[in-house]
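Student: Structure for this input, please:
(one chain, ligands or ions: 1)
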Amino acid sequence: MHSKEHISHDEYQKTADWLMSQTKHRPQVAIICGSGLGMLADTLKCQDSFAYADIPGFPQSTVQGHAGQLVFGELKGKTCVCMQGRFHMYEGHSLCKEGVYAMVGGPNFETIAEARLLHRLGVDAVGMSTAPEVVVATHCGLRVFGLSLITNKVVKSYEDTESVNHEGVLEIGRLRSHTVQQLVTELIDRMEINNNDNINKSI
Ligand SMILES: O=P(O)(O)O[C@H]1O[C@H](CO)[C@@H](O)[C@H]1O
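Tutor: Alright, predicted model coming up:
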């Protein structure tokens, strides 16, 4: 997992599973200790420390003064995990991939010309929804988690023989519905009930 462009969910999961099997700590707070600040990790109580080199799939610190350890423990009664050493782009690490979602008005799918324009603008995914809901929810002070299932490749070439249609979108939806249901159910299970208390205060 060393400075790869893309790290798969399975690779992250293997690393996380290994760590969870090695420590009983389940952190509520994660802290990245940069240059000269690694000593904070030494103050954690009931420590479990792991050298980055011993953690399966974990990148290595190359910067002088970065111990290269992941330290689990307690600080002021809160379970924390500290990275004693971070990773930088100048070490060859890429930025985490973030995507840009663009909404088109629909109900037609974007034309090839529109798809090319969106691509040039840096758009990664196209849909016909989600953005208005997020705008309204944010306006109402709600915290939002948006989830879009990517069902198809956007057609950007006039030579492309594939085309997008609603039946195809629904078909992928059916194929993935179980996974999406599991994900949403797990999210709800883990959700803090008080996460919108800023609204309650204003009512
Ligand atoms: O209807 P939602 O869930 O947004 O999903 C997508 O499916 C339709 C296109 O097939 C569009 O409505 C598009 O936004």
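
Student: Report back the residue of the chain that's furthest from centre.
Tutor: Distance from the centre of the chain peaks at E159, with 34.4 Å (Cα atoms, centre = their mean).

Student: What residues does that residue make contact with?
Tutor: If you count contacts by Cβ atoms under 8 Å, 6 or more residues apart in numbering, E159 has none. Bear in mind the C-beta positions are built from the backbone N, C-alpha and C, glycine included.

Student: do G85 as well
Tutor: Applying Cβ under 8 Å, 6+ apart to G85 gives the contacts 33, 38, 52, 61, 63, 66-69.

Student: hey, C-alpha coordinates of stretch 179-190 in CSV?
Tutor: C-alpha atoms of stretch 179-190 as CSV (Å, rounded to 0.1, in the frame of the first residue of the first chain):
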residue,chain,number,x,y,z
THR,A,179,-25.0,-4.1,-0.5
VAL,A,180,-26.5,-0.6,-0.4
GLN,A,181,-29.1,-1.8,2.2
GLN,A,182,-26.4,-3.3,4.4
LEU,A,183,-24.3,-0.1,4.2
VAL,A,184,-27.3,2.2,5.1
THR,A,185,-28.4,-0.2,7.9
GLU,A,186,-24.9,-0.2,9.3
LEU,A,187,-24.7,3.6,9.1
ILE,A,188,-28.0,4.0,10.9
ASP,A,189,-26.9,1.5,13.6
ARG,A,190,-23.7,3.5,14.2
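
Student: How far away from the center of its chain is it?
Tutor: Put simply, stretch 179-190 sits 15 Å off its chain's centre (Cα atoms, centre = their mean, to the nearest Å).

Student: Any part of it near the ligand?
Tutor: No: if you take Cβ under 6 Å from any ligand atom as the test, stretch 179-190 misses the ligand, and the best it gets is 11.3 Å.

Student: Could you break the chain into its assigned domains?
Tutor: As assigned by the TED database, the chain contains the domains 22-86, 101-189.

Student: Mind jotting down where the strands sit in this protein?
Tutor: For the chain, the strands defined by DSSP state E occupy 29-33, 45-51, 69-75, 78-84, 101-103, 125-127.
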